[in-house]
Each structure stands twice: as structure tokens, then as C-alpha cells.
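> fold the following for me, if possible:
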Amino acid sequence: MTFLSRLSVLTDEVSQNWDEVLAFVEEHELPYVELRSVWRANVMDMERERLRQLRSTLAERGVKVSGLASPVFKCALDPNRPVERGDTFFASEGTVNDHMDMLKQALEVAGFFEAPGVRIFSFWRERNPELYMDEVAEHLHQAARLAEQAGVMLWLENEPSTNGGYADEVALLAAKVNSPFLRVLWDPGNERYGGKIPFPDGYEQVRSWIGHVHLKDAVYTSEHGGKCVPIGEGEACLEKQLDALERDGYTGLYTVETHFVPDGGTPADGTRRSFSGLRRIWEHA
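Got it, this is the predicted structure:
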């Protein structure tokens, strides 16, 4: 399969309006979409009739669902400890047990769409994450067993606001869990957003664990921190990264998740600009 035949977009990076999403998908001839929120609601909280509407309109266009970008395990291990927090995209936070129930729902919804995987996290970042890696791995191991029963992969994303914030940390967690149903969701843009070097440094640490890839670009300065920019205009080294992934035999999917909206523009404007940058990169990769 070619790179372009494995390309997807997170639909809420285009619009919360489903008709606008479908128009964007047709404009870019995308074979896949990844689902997180539509109509300002997380897809995991939608009634079955709404889900059927999404599925049928995608099927009419021959578009498949690449994955479910769930917020599972974006919660605190212990609500009594201070932790970092981030966006949950219309989902409630809850406890660890709540998120285990949320995972079961996510696996069911993924099955409904015949999606190959569910994106998960590693709990809001502790002040000293290294002290809690075994506890995180225990929960992830339980999650992997549920995923195996459902026949759906779990993809653990490197997200700076969580304990598996960076390449070395998600690789460590994947190794501790050591399940064929849990792999790393590698996001080079997140790595750069958090001030790390995504390629070659980060990639070398996760390359044997990668199950899914998110594509965004970012810049970082010690003075201002991280900032997302259109693909091809940042420091995530995506041209070299894509070349390495394909050369190393990666056969999974790529989902564009821009987190960029231009001044005075819309999410679709930002994502459209990132697709233009991505196609320029791919032509030179």
C-alpha cells in the first residue's frame, strides 16, 4: 500500500460539522478518517443512531475508520495528588475505574466501525513520573487484556501532559506491558512540542513498538515552550521521519492531527494547509 492510500485525518481537526468533514474528505480523496468528536460531542458518548449516521455516510463514500482517538486514561492515578492536565475533547474526566469502563465503550465503538485500534494515554503526568511507571503499566496491562478479548489494538500516544509523555517513556511502558495488543502511537510533533528531538532520537527509542502514527508539526523554544504549526513549517523532521518509517517497513496508517488554526481562519483552513505541506514533504521523502 502506498503512503497516500494509508492517510487519514482526525475529523474534528476539520470541523464539528459532519457535512463539512465529508466535503473535506472528498476534496482530498482520503481513504480513512479517525474519529474523536463530531457535533461537539465525543463519539463514545453518542447514541447508536448518530453512530449509524456516521458509518453509513462514510460507507457511501468508500471511506473507512482508521481508529478511535479516545481520551481513555486522561485522568489522574490519584485525584489527591497534583498533576498536569490537558484537553479531553468533550469527554468527562472521572476516575481510573471510570476510564476502564470508558475503554470497554471505546472498544465496542471501534468494533462498530470496524476500526483497527483505539488511542489511549498513560494518566495525567505526575511530578515524578518515573515513580509511577509500574502502577501505570499494571493498568495498561489490564487494558491490553480487554483489547485482546475485543480483537482491537490499543495505541499508547506520547503526549507531554501524561506520564508517557515522550518516546523513552512510552517505549518503557510498552515493554513493561509486553502485549501484542498494545503498541505505541508515535507522534513526532508531540515530541517536538514538548522540547524533545523527535528524529532520530525519539524514533530510535520507539521504532520497534510503533503501531500507529499521528502527523503534526511544532516548534519549540525554551522561552515560549511548544507551538503547533502547519506540517512542513516546524521542527518535527517529518521528511526524514516518513522516509525512515517507510524504509523500515512500517505498514500502518498515518493520521493528520494538526492542532493548528490560522489567525482569522478555521480548523479546516489549518488542516488544508497541513495537507499541502505533507504532500510537498512526501514528494521529497
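> using the three-state scheme, assign E34.
strand (DSSP: H, G, I helix; E, B strand; the rest coil).
> bridge partners for it, pull those for me.
Beta-bridge partners for E34, by DSSP bridges, are L10, G67.
> residue contacts, it?
S8, V9, L10, T11, V65, S66, G67, L68, A69, T255, E257 (C-beta atoms under 8 Å, 6 or more residues apart in numbering). C-betas here are computed from N, CA, C, even on glycine.
> let's see that with 10 Å instead.
Residues in contact with E34 (C-beta atoms under 10 Å, 6 or more residues apart in numbering) are 8-13, 65-69, 115, 117, 119, 212, 214, 253, 255-257.
> again with V118
Contacts of V118 (C-beta under 10 Å, 6+ apart): 44, 67-70, 72, 103, 106-107, 109-111, 143, 147, 150, 152-155, 185, 212.
> just the C-alphas of stretch 112-130, formatted as PDB.
Provided in PDB are the C-alpha atoms of stretch 112-130 (Å, rounded to 0.1, in the frame of the first residue of the first chain):
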ATOM      1  CA  PHE A 112     -19.000  -0.900  15.400                       C
ATOM      2  CA  PHE A 113     -16.800   1.000  12.900                       C
ATOM      3  CA  GLU A 114     -14.500  -2.000  12.200                       C
ATOM      4  CA  ALA A 115     -11.700   0.300  13.200                       C
ATOM      5  CA  PRO A 116      -8.300  -1.500  13.900                       C
ATOM      6  CA  GLY A 117      -7.400   0.400  17.000                       C
ATOM      7  CA  VAL A 118      -8.100   2.800  19.900                       C
ATOM      8  CA  ARG A 119      -5.800   5.600  21.000                       C
ATOM      9  CA  ILE A 120      -5.200   5.700  24.800                       C
ATOM     10  CA  PHE A 121      -3.000   7.600  27.200                       C
ATOM     11  CA  SER A 122      -1.000   6.900  30.400                       C
ATOM     12  CA  PHE A 123      -2.700   9.100  33.000                       C
ATOM     13  CA  TRP A 124      -2.100  12.800  33.800                       C
ATOM     14  CA  ARG A 125       1.600  13.500  34.300                       C
ATOM     15  CA  GLU A 126       2.800  13.200  37.900                       C
ATOM     16  CA  ARG A 127       5.500  15.500  39.200                       C
ATOM     17  CA  ASN A 128       7.900  12.500  39.200                       C
ATOM     18  CA  PRO A 129       6.500  10.100  36.500                       C
ATOM     19  CA  GLU A 130       9.300   7.600  37.000                       C
END
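> burial count for L58?
Other residues within reach of L58 by the criterion other C-beta atoms under 10 Å amount to 21.
> what are the phi and psi angles of it?
Main-chain torsions, L58, degrees, to the nearest 10: phi -70, psi -40.
> start the count at 38, not 1, going forward
Taking 38 as the first residue, the last one we looked at is L95.
> relative to G263, how far out is P166?
According to C-beta to C-beta, to the nearest Å, P166 stands 18 Å off from G263.
> all strands for the stretch 188-322 of the chain, in order.
190-194, 219-223, 247-252, 254-258, 262-266, 291-293 (DSSP state E, counting those that start in this stretch).
> please apply the same query to the stretch 38-187 of the chain.
Under DSSP E, counting those that start in this stretch, the stretch 38-187 of the chain gives strands at 44-46, 69-72, 74-75, 78-79, 101-106, 154-157.
> now, of those, which is deepest in the fold?
Mean neighbours per residue, mean count of other C-beta atoms under 10 Å, is largest over the strands of the stretch 38-187 of the chain for strand 154-157, with a mean of 27.
> mind giving me the ChimeraX command for buried ones among the contacts of V155?
Buried subset of these, written as a ChimeraX selection, criterion 16 or more other C-beta atoms under 10 Å:
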select :81,104,105,106,107,109,140,143,144,146,147,180,184,187,189,190,191,192,222,249
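> tell me where the stretch 38-187 of the chain has helices.
Under the criterion DSSP state H, counting those that start in this stretch, the stretch 38-187 of the chain carries helices at the ranges 55-64, 85-97, 133-149, 170-187.
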